[in-house]
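Colleague: starting from these lines, generate the structure:
(chains A and B)
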Amino acid sequence: GAVVSQHPSWVICKSGTSVKIECRSLDFQATTMFWYRQFPKQSLMLMATSNEGSKATYEQGVEKDKFLINHASLTLSTLTVTSAHPEDSSFYICSAPPTGGNQPQHFGDGTRLSIL
Amino acid sequence: KQEVTQIPAALSVPEGENLVLNCSFTDSAIYNLQWFRQDPGKGLTSLLLIQSSQREQTSGRLNASLDKSSGRSTLYIAASQPGDSATYLCAVYANSKLTFGKGITLSVRP
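Modeller: Predicted coordinates for the structure are as follows:
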C-alpha cells in the first residue's frame, strides 16, 4: 500500500485563490520531504526541501513567498500555492526518503492543479 | 550541475519485443540511480535502484545496469507487454537531491 499519501489529487480553482496540498508519511517518520513540480512532457523539477521544525530550503528560481512550505510534524508537510495564477497550473508531487539509507524514495500520487 | 538525458522521448514497439531504455548523466559522482515508472496523471512507482558501487539490479522482467564512469544506465525490459506502456524516468541521487530525466514514453502495441 501507499506509504506517502498526498491530498488532494486534483484541484481546479479561480485565479487568485490559495491552494494547500498535503503530504503525509503513513507508517514512518520523515524529517525531510521533497516537493517537485512537473509540467507536461517535462522532468520532475525539485522545488524545495521541507525540513521538520525548521525552514524549507528552496531551489534557485522558486519563490519562497509564492510557495509556502510548512513541515510541522514528522508525518506531515504542506505546500501552499498563494494567489495562484494560470502559470502555476502543473502537477505537484511530494516524496519522503525512507528511514535507513540506500532505499528508494517514496512518492505521493501527485496533485493536478488547474488555475482558471 | 547534474543533467540527466533520456533519448528517445517516445518509443513504440510490438508486444513481445525485448527493449532497452537509455539514460545518461553528466556528473559521475552519484550515490545511486533509480528507474521509475509513471502512468498518465499519476505519481511515481520505483522500479529499480542501483547503488553507485553496483553494476546491475534485476526485478522480474526488468534489468537495470549502471556504468558510473561513463555516466550511463540502461533499463532492459524483456518480453514487453501492453501493460508496460507508461513513461519511464531515470533519476540520479547526489548531494541529497534526485535529478530526473524527462522520461521515455513507451507504447507496447498488442
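
Colleague: what does chain B put close to chain A?
Modeller: By CB under 8 Å from any CB of the partner chain, the residues of chain B that approach chain A are B:4, B:9, B:32, B:34, B:36, B:41-46, B:49, B:51, B:89, B:91, B:96-103. No exception for glycine: its C-beta is placed from N, CA and C like everyone else's.

Colleague: out of these, which sit inside strands?
Modeller: Cross-referencing those against strands under DSSP state E gives B:4, B:32, B:34, B:36, B:44-46, B:49, B:51, B:89, B:91, B:97-100.

Colleague: how much space between residue A:26 and chain B?
Modeller: Separation of residue A:26 from chain B (CB to the nearest CB, to the nearest Å): 14 Å.

Colleague: my bad, residue A:106
Modeller: Counting by CB to the nearest CB, the gap from residue A:106 to chain B is 8 Å.

Colleague: now list the buried members of the ones in strands among the residues of chain B next to chain A.
Modeller: Among these, those scoring as buried are B:4, B:32, B:34, B:36, B:44, B:46, B:49, B:51, B:89, B:91, B:98-100 (criterion: 16 or more other CB atoms under 10 Å in any protein chain shown).

Colleague: centre-most residue in chain A?
Modeller: Closest residue to the average C-alpha location of chain A: residue A:35 at 3.7 Å, with CA atoms, centre = their mean.

Colleague: ok so, going back, among the ones in strands among the residues of chain B next to chain A, show me the least confident.
Modeller: Least confident entry in those, by pLDDT: residue B:97, with 84.

Colleague: quick one: low-confidence parts of the chain?
Modeller: This is for chain A. For chain A, the stretches flagged by pLDDT under 70 are A:1-2, A:99-102.

Colleague: chain B was what I was after
Modeller: By pLDDT under 70, chain B has no low-scoring segment.
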